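Asks: The amino acid sequence is not available; the structure is as follows:
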């Protein structure tokens, strides 16, 4: 495999991973009432709305002018991202979608010609791979928190986003009863949902 193919495959793989975690967040947000988006376990905890606001703030800062400006923008106020000052589902979804759009727009702009650019986050140099992997670790951490809060809030009304409890055996039997597939494991979720970005 040549370098060009490796870059293309890496970028496609990371896009699929990000889409998968966005989908988990989407499906969590869909299950919750407007009030439940703002529920907090205690005063030291974050609501899902606050997590969305933080993710969006990070994404907009990191991915806006990704190749040409520091990923920690002067206009970012990270501390305020955890303030519970969003007022409606519409505001939460607007932030959520703005953040992800900035990420996917930046990823779509990458190619073999600019892939070796050094980008900076708080004046610290990162290869493109390091910058992407940094966020590919960060965002699922917070999406996982969103899912966990959603499960706490909905309790037995929660609709599982993975293999339902007690169904692992059936799931494996179904998977192993079919021929091997070469598609990425996230493809089944993206195709089923129809969500590309």
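Replies: The structure has been received and is ready for your questions. What you are looking at is a predicted structure, and each value in this text was computed from that prediction instead of being measured.
Asks: Could you use CA atoms for every contact and neighbour count after this?
Replies: Noted.
Asks: residue contacts, residue 24?
Replies: Residues counted as contacts of residue 24 (Cα atoms under 8 Å, 6 or more residues apart in numbering) are 143, 147, 161.
Asks: Just the ones in strands from those, please.
Replies: Among the contacts of residue 24, no member is found in strands (DSSP state E).
Asks: Give the ChimeraX command for selecting the buried subset of the residues you listed.
Replies: Command for ChimeraX that selects the buried part of the contacts of residue 24, burial taken from 16 or more other Cα atoms under 10 Å:
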select :143,147
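Asks: Lowest pLDDT pick from the contacts of residue 24?
Replies: Lowest pLDDT of the contacts of residue 24: residue 161, 92.
Asks: Name the residue most distant from the centre of the protein?
Replies: Farthest-out residue of the chain from its mean C-alpha position, per Cα atoms, centre = their mean: residue 177, at 31.4 Å.
Asks: after the host helix or strand of residue 30 comes which helix or strand?
Replies: Residue 30 is part of helix 3-31, with elements assigned from DSSP states H and E. Downstream of helix 3-31, the first helix or strand assigned by DSSP H and E is helix 48-63.
Asks: which element follows that following helix toward the C-terminus?
Replies: Using DSSP H and E, the next helix or strand after helix 48-63 towards the C-terminus is helix 89-108.
Asks: Run the chain-centre distance for that next one.
Replies: 10 Å (Cα atoms, centre = their mean, to the nearest Å).
Asks: buried ones in it?
Replies: Using 16+ other Cα under 10 Å as the test for burial, helix 89-108 gives 89, 92-93, 95-97, 99-104, 106-107.
Asks: Now do that helix: which elements does it pack against?
Replies: helix 3-31, helix 48-63 (3 or more Cα pairs under 8 Å, 6 or more residues apart in numbering; DSSP states H and E).
Asks: Off-centre distance for the last one?
Replies: Spelled out, it's helix 48-63. 10 Å.
Asks: List of residues touching that helix?
Replies: Helix 48-63 is contacted by residues 37-39, 70-73, 76, 78, 81-84, 86, 92, 95-96, 98-100, 102-103, 106, 121, 139, 142, 146, 149 when judged by Cα under 8 Å, 6+ apart.
Asks: gap between the residue farthest from the centre of the chain and residue 165?
Replies: From residue 177 across to residue 165, the span is 21 Å (Cα to Cα, to the nearest Å).
Asks: Now do the residue farthest from the centre of the chain, the pLDDT please.
Replies: pLDDT, residue 177: 85.
Asks: ditto for residue 156
Replies: For residue 156, the model assigns a pLDDT of 92.
Asks: tell me the secondary structure for it?
Replies: Classification of residue 156 using DSSP: H, G, I helix; E, B strand; the rest coil returns helix.
Asks: Give the burial count for it, as a bare number.
Replies: Counted by other Cα atoms under 10 Å, the residues lying close to residue 156 total 8.
Asks: in the helix holding residue 30, what counts as buried?
Replies: Of all the residues in helix 3-31, those buried under the rule 16+ other Cα under 10 Å are 7, 11, 14-29, 31.
Asks: before we move on, what about stretch 68-78?
Replies: Counting neighbours by 16+ other Cα under 10 Å, the buried set in stretch 68-78 is 69-73.
Asks: That'll do, ta.
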